[in-house]
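Undergrad: Build me a model:
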Amino acid sequence: MLSRHFLRAKALQAIYAGVSDNKTTEQDILKTYDYNVSRLNDLGLTQMSTLDYLIFTAERVLELETKKFNPSKKEIDALSKIANNSFLNKLVSSFEFKQQMNRLHIDWSNYFDVFRKILTNFKSSRNFAEYASNGEPTFDDDKNIAVVAFKFLMNDDTLRDIIFDRDLLWEDDFDQVAQYVFMQLKELTEESTNEAMVCPQIFDSRNQKDCNDYNFARQLAADTFKHIDDVEPLIRKHLQNWDLDRVAMMDIILINMAVTEFVYCPSIPERVTVDEYIELSKEFSTEKSKLFINGILDKILIELRVAGRIQKNERGMYDPEIDGDVPPDDVAPTIR
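TA: Here you go, the predicted model:
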């Protein structure tokens, strides 16, 4: 499910952490990369678990409402629709979901008031009003409103801060992972949502494409670290009136990763590589980095071509100006 762009970012973070420590080995880089990607699954499951506690909150509030002297039928109907949502109940009752929740020891019980506030805002939304007016909802109706509820949960600033506190890396990845979970929930059907269902994961080792992309970025991290001393002279050569020590470490690593792709990834077109690292510079470095990195990479690319060090296969020979657009790796937009 993860895009190669996102996995390149995980490789970048692992290399950056490693280069900052002079004692780091290639195995340390790979361990950091593996850990960072595994934590993405934990973040996705933590986000998904909020749906489980939303049901619990609706059930508790429903109990309180029915005990009132003059309970509101409208409120009881609304809370019942959430508490009895067929899609959500099938999702959170699946064996693998419960197993994963137990593994992570997720407990939202200290945040009942936070969830109750979110529940109140959700019930007041236009989406829920339309859903509640439909009479007896179908499974698809339940799934669609559950997906909307997930957006409400993920866009609540208080809940986001609570999740951020659980892992320092999660703040940067939160919106991207939330979008992946959102897309996976939308793809579930009545037939696939059952007790034996496979719990949606951000990186699924059972999926061949996920494994291929994961291994691509893992090898990229290893090769970049292995050849980092070889690339330094190339960078120094093309710096004009600028000392390498004054270049941001992040920019140096981004250039190193791009050069590694040029030389050791024959199926990746050169222009795709340049565009990827310009985009990563926008996310992880300074405002001027994109221009600096683009200029240095263009010069290094010419030198590597002349030296015959770049050997691309048919896929890697793709030129967007000649061949037209090709679908890029899916980069999920934010759901905020």
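Undergrad: From residue 144, how far off is the residue at minimal distance from the centre of the chain?
TA: The chain has residue 177 as the residue nearest its centroid, 3.2 Å off, counting by C-alpha atoms, centre = their mean. Counting by C-beta to C-beta, to the nearest Å, the gap from residue 177 to residue 144 is 21 Å. Glycine gets a C-beta too; all of them are placed from N, C-alpha and C.
Undergrad: Check residue 275 too.
TA: Using C-beta to C-beta, residue 275 is found at 35 Å from residue 144.
Undergrad: Also residue 189?
TA: According to C-beta to C-beta, residue 189 and residue 144 sit 12 Å apart.
Undergrad: next one: residue 23
TA: Distance from residue 23 to residue 144, by C-beta to C-beta: 52 Å.
Undergrad: More neighbours: which of the two?
TA: Shown here are residue 23 and residue 144; by other C-beta atoms under 10 Å, residue 144 has more neighbours (17 against 6).
Undergrad: about what we covered before: now the residue nearest to the centre of the chain: which helix or strand?
TA: helix 170-187 (DSSP states H and E).
Undergrad: next one: residue 287
TA: Per DSSP H and E, there is no helix or strand for residue 287.
Undergrad: What about it, how many residues nearby?
TA: Per other C-beta under 10 Å, the neighbour tally for residue 287 reads 8.
Undergrad: ok, it - contacts?
TA: Residue 287 sits next to no residue when contact means C-beta atoms under 8 Å, 6 or more residues apart in numbering.
Undergrad: what's the following helix or strand after the longest helix along the chain?
TA: Ranked by residue count under DSSP state H, the longest helix found in the chain is helix 26-66. Next helix or strand after helix 26-66 toward the C-terminus (DSSP H and E): helix 73-83.
Undergrad: ok, residues contacting that following helix?
TA: Under C-beta under 8 Å, 6+ apart, the answer for helix 73-83 is 54-55, 58-59, 61-62, 65-66, 88, 119, 122-123, 128, 131-132, 137, 149.
Undergrad: The helix or strand just after that helix vs helix 26-66, what angle?
TA: Scanning forward in sequence from helix 73-83 by DSSP H and E, the next helix or strand is helix 86-93. Interaxial angle of helix 86-93 relative to helix 26-66 (axes from the mean of the first three to the mean of the last three C-alpha atoms, to 10 degrees): 130 degrees.
Undergrad: Looking at helix 86-93 now, give me its mean pLDDT.
TA: Helix 86-93 shows an average pLDDT of 95 in the prediction.
Undergrad: With stretch 235-252 instead?
TA: 81.
Undergrad: Now it: buried residues?
TA: 235, 238, 247, 250-252 (16 or more other C-beta atoms under 10 Å).
Undergrad: Quick one: end-to-end distance for it.
TA: Its first and final residues considered, stretch 235-252 spans 8 Å by C-alpha to C-alpha, to the nearest Å.
Undergrad: Which of the buried residues of stretch 235-252 sits closest to residue 167?
TA: Taking C-beta to C-beta as the measure, residue 250 is the one of the buried residues of stretch 235-252 closest to residue 167, at 21.2 Å.
Undergrad: Quick one: low-confidence residue ranges for the stretch 51-200 of the chain.
TA: Counting by pLDDT under 70, the stretch 51-200 of the chain contains no low-confidence residues.
Undergrad: Sorry, slip of the keys, the one I care about is the stretch 201-336 of the chain.
TA: The low-confidence ranges in the stretch 201-336 of the chain, as defined by pLDDT under 70, are 241-245, 314-336.
Undergrad: What residues of stretch 221-239 count as buried?
TA: Buried positions in stretch 221-239, judged by neighbour count with 16+ other C-beta under 10 Å: 221-225, 228, 231, 234-235, 238.
Undergrad: Just the residues contacting that stretch, thanks.
TA: 11, 14-15, 18-19, 24, 26, 29-30, 33, 244, 247, 252-253, 255-257, 259-260, 264, 296, 299-300, 303.
Undergrad: Any quick PyMOL command for the buried ones out of those?
TA: This is the PyMOL syntax for the buried subset of the contacts of stretch 221-239, where burial follows 16+ other C-beta under 10 Å:
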select buried, resi 11+14+15+18+19+24+29+30+33+247+252+253+255+256+257+259+260+264+296+300
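Undergrad: Out of the contacts of stretch 221-239, which sit inside helices?
TA: 11, 14-15, 18-19, 26, 29-30, 33, 252-253, 255-257, 259-260, 264, 296, 299-300, 303.
Undergrad: Now residue 121: closest residue in space that isn't a chain neighbour?
TA: Nearest non-adjacent residue to residue 121, counting by C-beta to C-beta, 6 or more residues apart in numbering: residue 152, 6.7 Å away.
Undergrad: Now for that neighbour: which residues touch it?
TA: 118, 121-122, 125.
Undergrad: Could you say which helix or strand holds it?
TA: helix 139-154.
Undergrad: Quickly list the domain ranges of the chain.
TA: 25-187, 227-323 (automatic domain parsing).
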